[in-house]
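Trainee: the sequence isn't on hand, but the structure is:
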């Protein structure tokens, strides 16, 4: 991790036994990587993460997500909204592994 200045080990769940183990743990939050093993430096999608704060409500999060989706639609950019956790929204934008993580973040 360049920002954290340390090496990070990632878990790869590639079989049923690993998936059952992770589900059984229940306390491990899984944040899947956005890229595939064969193309690690180029994500398949990017995510816009919209969360409420002490000053905003979930209804406002929904409003922002819907407006962002309208902007994407007008630009003919595919985007899919889904809930995240219990109080936020994610907008997933497919990238097809064509761009770097830096380019995805800048977008």
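Mentor: On my side now, so go ahead. These numbers were taken from a predicted model, which means no experiment stands behind them.
Trainee: now do the strands in the protein.
Mentor: Secondary structure of the chain, counting by DSSP state E: strands at 45-50, 80-84, 88-94.
Trainee: so residue 80 bridges to which residues?
Mentor: residue 92 (DSSP bridges).
Trainee: look up how far residue 49 lies from it.
Mentor: 14 Å (Cβ to Cβ, to the nearest Å). No exception for glycine: its C-beta is placed from N, CA and C like everyone else's.
Trainee: and the contacts of the lengthiest helix in the chain?
Mentor: Identified as the longest helix of the chain according to DSSP state H is helix 58-74. For helix 58-74, the external contacting residues (Cβ atoms under 8 Å, 6 or more residues apart in numbering) are 48, 50-52, 78-79, 81, 87-89, 91, 93.
Trainee: let's go with 10 Å and repeat that
Mentor: Contacts to helix 58-74, defined as Cβ atoms under 10 Å, 6 or more residues apart in numbering, come from residues 48, 50-53, 56-57, 77-84, 86-91, 93.
Trainee: what residue of the chain is the furthest out?
Mentor: In terms of distance from the mean C-alpha position of the chain, residue 17 ranks first, at 24.7 Å (Cα atoms, centre = their mean).
Trainee: low-confidence stretches in this structure?
Mentor: Residues of the chain that meet the criterion pLDDT under 70 lie in 27-30.
Trainee: nearest residue to the middle of it?
Mentor: Of all residues in the chain, the one closest to the mean position by Cα atoms, centre = their mean is residue 47, 4.1 Å from it.
Trainee: wait, it sits on residue 33?
Mentor: No: using Cβ atoms under 10 Å as the test, residue 47 is too far from residue 33 to be in contact (11.4 Å).
Trainee: quick one: contacts for residue 52?
Mentor: Taking Cβ under 10 Å, 6+ apart as the test, what residue 52 contacts is 58-62, 64, 87-89.
Trainee: buried among the residues you listed? Make that a ChimeraX selection.
Mentor: A single ChimeraX command selects the buried members of the contacts of residue 52 (16 or more other Cβ atoms under 10 Å):
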select :61,64,89
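Trainee: any chance of the contacts of residue 52 in a markdown table, with distance to residue 70 too?
Mentor: Output for the contacts of residue 52, formatted as a markdown table (distance: Cβ to Cβ, whole Å):
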| residue | distance to residue 70 |
| --- | --- |
| 58 | 19 |
| 59 | 17 |
| 60 | 16 |
| 61 | 15 |
| 62 | 13 |
| 64 | 11 |
| 87 | 22 |
| 88 | 19 |
| 89 | 14 |
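Trainee: all set, thanks.
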